[in-house]
Structure formats: structure tokens, C-alpha cells
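**Student:** Coordinates for the following, if possible.
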Amino acid sequence: MKTIRTIIADDHAVVRTGLAALLEAEPDIVVVSEVEDGAEAVRSALRHKPDVATGIIGPGSPVTYHGGHKLCSACI
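**Tutor:** The predicted structure is shown next:
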């Protein structure tokens with residue numbers, strides 16, 4: 001079975017922690033990084049090369065304002 005590597009980006013620690021717990025309960029998912037904004041998400045994606053990046057990206061979100069738009073290309 002292939003392991004799915006993911007990063008979680010959200011500015012709320014409780015959301016990151018909860019989502020990480022749910023995802024890691026699955027045997028084929030590994031959370032390789034948890035970050036609080038888009039700039040960190042891009043750096044983390046470049047470092048860890050995840051299969052999936054999960055986060056809240058929308059108006060008013062620090063993920064959007066701090067580089068979230070670069071996240072997709074960083075995962076490739």
C-alpha cells in the first residue's frame with residue numbers, strides 16, 4: 001500500500017491538531033508537516049514534497065495572503 005504524504009495549513013492550531021489526528025488514524029496517510037500560514041506551507045511543500053496539501057484557503061485566510069497561491073506548484 002502506498003503512503004499518502006500530506007501537509008496541513010491552517011491558522012488555528014486546534015484545527016491542525018484535529019485534522020492531523022483524523023488523517024493519521026488512516027493507515028496509509030502520514031502528516032509530514034503542520035503549518036499556520038501560506039508562506040510556511042510553500043516552504044514545507046518544497047522541503048517535504050507532499051502528495052496532498054490540506055488547508056483553509058479563502059478570503060481573509062492567512063494561508064491565502066501569505067503565499068497559498070504558490071502551494072500547488074511547490075507540491076509538483
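
**Student:** Show me the strands in the protein, by range?
**Tutor:** 4-9, 29-35, 52-55 (DSSP state E).

**Student:** and the angle for the longest one with strand 4-9?
**Tutor:** It refers to strand 29-35. Relative orientation of strand 29-35 versus strand 4-9 (axes from the mean of the first three to the mean of the last three Cα atoms, to 10 degrees): 30 degrees.

**Student:** in strand 29-35, what counts as buried?
**Tutor:** Neighbour counts over strand 29-35 (16 or more other Cβ atoms under 10 Å) mark 29, 31-35 as buried. Where you see a C-beta, it was placed from the backbone N, CA and C, and this is true even at glycine.

**Student:** Same question for the last one.
**Tutor:** Within strand 52-55, the residues scored as buried using 16+ other Cβ under 10 Å are 53-55.

**Student:** from those residues, which is closest to Asp10?
**Tutor:** Gly55 (5.5 Å; Cβ to Cβ).

**Student:** Tell me how far that closest one lies from Val35.
**Tutor:** Distance, Gly55 to Val35, by Cβ to Cβ, to the nearest Å: 8 Å.

**Student:** list residues touching both of these two?
**Tutor:** 8-9, 41 (Cβ atoms under 8 Å, 6 or more residues apart in numbering).

**Student:** chain center to stretch 39-54: distance?
**Tutor:** Relative to its parent chain, stretch 39-54 has a centroid offset of 6 Å by Cα atoms, centre = their mean, to the nearest Å.

**Student:** that older thread, with pLDDT added, can I get the buried residues of strand 29-35 in CSV?
**Tutor:** Formatted as CSV, those follow (pLDDT from 0 to 100):
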residue, pLDDT
Ile29, 96
Val31, 97
Val32, 96
Ser33, 95
Glu34, 95
Val35, 91
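
**Student:** Now flag whichever of those residues is closest to Ala13.
**Tutor:** Glu34 (8.4 Å).

**Student:** Many thanks, I have nothing further to ask.
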